[in-house]
Structure formats: C-alpha cells, structure tokens
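Asker: fold the following and give me the result.
(one chain, ligands or ions: 2)
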Amino acid sequence: MKIKFPLVVVGSQWGDEGKGKVVDLLAKQADDIVRFNGGNNAGHSVVLNGKKYKLSLLPSGILQKKQLYLSQAVVINPRVLLEEIAFFKKEKISFQLKIDPRCHIVMPYHQELDAATEKWKGKKATGSLHLGIGYCYEDRNNRFGIRFEDLINPKLLKEKLTQFWPIKKLQIEKVYGQTTQLKIEDIYQEYVHYGQQLKVYLADVSLLIQQKISTHKVLFEGAHGTFLDGNFGTYPYTTAVNTISGTVFTAVGIAPQKIYSLGIVKAYTTRVGNGPFPTELLNRAGERIREKGGEFGTVSKRPRRCGWLDLCLLRSASRWSGFDYLALTKLDVLSGLAKIKVCTHYQLGKQKIKEVPAMISDFNRCRPVYREFSGWKEDISNIRSFDKLPKTAQIYLNFIAQELKVPLKIISVSPEREANIFL
Ligand code: GDP
Ligand code: MG
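Answerer: Ligands and ions are numbered 1, 2, ... in the order given. Reported below is the predicted structural model:
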C-alpha cells in the first residue's frame, strides 16, 4: 500500500466509519500521530488479537508505539484522559504523549449546562451525550475557557475558576432553573490534582509539528465525521467543531501546504442521534446491518441508525476534504444480503442532484434514488486480495471508486488489525 504523508484521515459520513482501526493501520507507517479535534464524545475502537481497546481522547495510533499529540483544538476532560492513560499503563503499552497548552479543559459545569440545554430542547435535542463538549467550545469562543496551561498552574486555575464559576452557577440555576451540587472549592481541588498529573505532557504541539512535518511522516487523525462538521454538516445535529480536512491547519497551528487526505467510507451509512438521514432503513434490513455490524456507540452504547451507502454524502465529503485515497470499512457486514442498494443521487422536487444541498431545508426534502446491486453469500473476512472477493463485491467496490473518482486503497473486512485488502 503506497500512501503519502503528511496525511489527514477524515470520516466521510456521520462518524463511526472505523477510523480507529484505519488510523492504527496507517500509524504503522507514520512517525507522529496528531489528534486534532473533538473531545471524549468521539469513541474509537481498535481490535488487536481479539481484544478491543476503546479510546476517546488518546490518538488511535497508540498501539503502534509512535509519538502521540493532542493539538490545540482538542478539548480535554482530564479525568477521562487520566483513566485512558492509566488503562494503557496497566496494559504495559508504553507511549509518548504531548499536549498543547492551548487545549481547552472540559469542566463539570459544562456537563451540567449541556444536560440542562438538551432537556430544554426536548424533542429537538441535538442528541448530545451530556459530556459538556459543546459548552467547552462555547466558552473557548467566548474567551471564557480554562486551558491546559491554566489546569497545570494552580494559581491560574484558581483565578479563572473564581472569575468564571459565579456566572456559571447563575446560568445553571437562574437561566435553566436546575439545581447544582457543584462547589468551587471541590472543583478546584479535583482539577488541581488532574493538572499536576498531566503537566508532564505539556509541549508546544504547533511548533513541534511544523518542525517535523517535512522530515517525519505525520498522520493527522480526525474525530467524528464530515456530516457532523459544525458548519458543513447537518446543522444543528452536528458537533461544535470542524471535521473536514482543511481544519488541520488551524486546529494544529501549521502553515497551509499539501497534506494528503484519506476518506474513510463505511460500506453502508450510520448515524447516531437525531437529524436528517435520507437513506435510513427503518426495516428488517436496517436491523440486520445494526446487529451484524455491531452498530452501537463506543461511548454512548446507543443503537446507531443504519441505512444504505449514500454517494451524494460522499461526493460532498470528497469535495470538501479533497480525498486522495479512500479506505472502505465493514464490507463483511453486507455479506449475506441478497440485494445491496446505493443511493446514486437525490430527487429534490423535479431536480436531480448529485451532492448534499447547501440548505438543510432542501436536504430534508431530498428523496434518495437507488441503484441495486446483487449481494454475495460468502464470508469474506479471511480474504486478503481484491481478486479473491466475490465478483458481486468487486462490482460494488469498483462502482463506488469510479463514482467518487478517488482510488480505493484499503478495504477492511473484519475488526481485526490484519483483516485488510490493500490495493
Ligand atoms: P470510529 O469512531 O470511526 O473510530 O469507529 P468506531 O470505533 O466507533 O466504530 C467502528 C466499529 O467497527 C468498531 O467496533 C470497530 O472494531 C469495527 N470495525 C472496524 N472495521 C471493521 C470491519 O471492517 N468489519 C467489521 N465487522 N467491523 C469493523
Ligand atoms: Mg466512533
């Protein structure tokens, strides 16, 4: 498999495309792995020798023993990060981690505000996990945030908490009418302790990556997926961050330059939480994909909504992120289906359109138009070369790559690290 670096890996659908596994695979060839967005609301799984490793903050390259980084735009829940670190230490998996001082810290009041907002939104809830990620980004943008730099410095932490907490408490109690058990002294004690444990990881990630990018193989790992992008996704059913490839420059703090882009495509589509989903299957076929694909959230355990592959989503994703390569995951999940459908375009009123419309009100009216493919019965999880795949699977894959005009480089046929076909 010939893949060029620096490389950014992006989910092309609504997340959970199998980025964890693909990043682990690519990390083998890389020197440095940078997680560049999101918080512990993004769950990844990597399977090694039948054992499943769950990650929400540490980069998925951790099992390849490469240098790991959390860049500026990652928001950190320090308790969760310390738990993940402790887990890997216990497993005797050694790693090197560097955290940018500009990373923002998720505070307990962000979580309370998140839960209160979702309750207030009622039926129109975003489907957030109440982890406080969106509120942490809100404070960041409003210059009301606590950064990693503050967390590791007791004096700065106290100053910021003293400044911010009274208004947060008023917001929870007077705006949302909720009660809170939080006390500033408890928050301070807890967070000071986290900061002291984490300060060994402090480094200027922006500077280090800029220095290394021309001599090392740097891999940028994106969390979430294209249609969860806070601007280009299915707003407001999105995350608070940007997820498309160009985000890397500002999220890490490096100059614009050619960064190769790899889009991860699941062989069908899933989404967790609310929001439009034109190819959703609300029937037995959808349930079958969910069961066979284990489509339940890594962090949330929530059942994921399942549907057919949607080329309109993928064309827009590829346009925004400039995919140079594709990795297709979970092809094995489709084995045993008599017919497989692919959405080739949408019908929007009398118009035939090939990409996601710019307006959500139009997207809500889009009707998927399908092309039907014959399925295959064989278990394909032990196949390691393209020509050994059933002919019908080859036709399905060739069709996708041709329609997207992007070469398919990796096909994943089971959760295991070795279960791949390289092209
Ligand atoms: P991420 O958020 O994109 O990293 O994806 P998740 O880890 O949340 O979800 C993907 C799930 O699919 C994980 O449980 C993986 O172990 C699993 N997985 C990845 N690739 C394959 C594959 O090719 N086949 C099957 N059956 N499972 C896979
Ligand atoms: Mg996930």
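Asker: out of the helices and strands in this protein, which is least certain?
Answerer: Within the chain, no helix or strand scores below strand 44-48, which has a mean of 87 by mean pLDDT, DSSP states H and E.
Asker: end-to-end on stretch 1-18?
Answerer: 18 Å (CA to CA, to the nearest Å).
Asker: contacts only, for Leu198.
Answerer: By CB atoms under 8 Å, 6 or more residues apart in numbering, the residues touching Leu198 are 78, 81-82, 99, 148, 151-152. Yep, even glycine has a C-beta here, placed from its N, CA and C like the rest.
Asker: buried residues in the helix or strand where it lies?
Answerer: Leu198 is part of helix 184-198, with elements assigned from DSSP states H and E. For helix 184-198, the neighbour count (16 or more other CB atoms under 10 Å) marks 184, 187-188, 191-192, 194-195, 198 as buried.
Asker: could you dump the residues you listed to CSV with distance to ligand 1 and pLDDT?
Answerer: As requested, the buried residues of helix 184-198 are exported to CSV (distance: CB to the nearest ligand atom, whole Å; pLDDT from 0 to 100):
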residue, distance to ligand 1, pLDDT
Ile184, 35, 97
Ile187, 30, 98
Tyr188, 34, 98
Tyr191, 28, 98
Val192, 32, 98
Tyr194, 25, 98
Gly195, 28, 98
Leu198, 24, 98
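Asker: want to throw these into JSON lines with distance to Phe296?
Answerer: Compiled in JSON lines, the buried residues of helix 184-198 are given as follows (distance: CB to CB, whole Å):
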{"residue": "Ile184", "distance to Phe296": "37"}
{"residue": "Ile187", "distance to Phe296": "32"}
{"residue": "Tyr188", "distance to Phe296": "37"}
{"residue": "Tyr191", "distance to Phe296": "32"}
{"residue": "Val192", "distance to Phe296": "36"}
{"residue": "Tyr194", "distance to Phe296": "30"}
{"residue": "Gly195", "distance to Phe296": "34"}
{"residue": "Leu198", "distance to Phe296": "30"}
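Asker: wouldn't Ile340 be in contact with Tyr396 here?
Answerer: Yes. Under the criterion of CB atoms under 8 Å, Ile340 makes contact with Tyr396 at 6.2 Å.
Asker: and for these two, which residues touch both?
Answerer: Joint contacts of Ile340 and Tyr396 (CB under 8 Å, 6+ apart) are 334, 373.
Asker: one step back: of the contacts of Leu198, which belong to strands?
Answerer: Within the contacts of Leu198, residues falling in strands by DSSP state E are Ile99.
Asker: which of the contacts of Leu198 fall within helices?
Answerer: 78, 81-82, 148, 151 (DSSP state H).
Asker: drop anything exposed from the residues you listed.
Answerer: With neighbours counted using 16+ other CB under 10 Å, the ones in helices among the contacts of Leu198 contain these buried positions: 78, 81-82, 148, 151.
Asker: of those, which is the nearest to Ala255?
Answerer: Using CB to CB, Phe148 is the member of those that lies nearest Ala255, at 22.9 Å.
Asker: pLDDT at the closest one, what is it?
Answerer: Here the pLDDT value assigned to Phe148 is 98.
Asker: just to revisit the earlier point, quick one: the helix holding Leu198 to chain centroid distance?
Answerer: Distance, stretch centre to chain centre, for helix 184-198: 28 Å (CA atoms, centre = their mean, to the nearest Å).
Asker: can I get that helix in PDB, CA atoms only?
Answerer: The C-alpha trace of helix 184-198 is given here as PDB (Å, rounded to 0.1, in the frame of the first residue of the first chain):
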ATOM      1  CA  ILE A 184     -15.900  25.900  43.600                       C
ATOM      2  CA  GLU A 185     -13.600  24.500  46.200                       C
ATOM      3  CA  ASP A 186     -14.300  20.900  45.200                       C
ATOM      4  CA  ILE A 187     -13.900  21.700  41.500                       C
ATOM      5  CA  TYR A 188     -10.600  23.400  42.300                       C
ATOM      6  CA  GLN A 189      -9.200  20.500  44.400                       C
ATOM      7  CA  GLU A 190     -10.200  17.900  41.900                       C
ATOM      8  CA  TYR A 191      -8.800  19.800  38.900                       C
ATOM      9  CA  VAL A 192      -5.600  20.900  40.500                       C
ATOM     10  CA  HIS A 193      -4.900  17.300  41.200                       C
ATOM     11  CA  TYR A 194      -5.600  16.400  37.500                       C
ATOM     12  CA  GLY A 195      -3.300  19.200  36.300                       C
ATOM     13  CA  GLN A 196      -0.400  18.000  38.400                       C
ATOM     14  CA  GLN A 197      -0.700  14.500  37.000                       C
ATOM     15  CA  LEU A 198      -0.900  15.800  33.400                       C
END
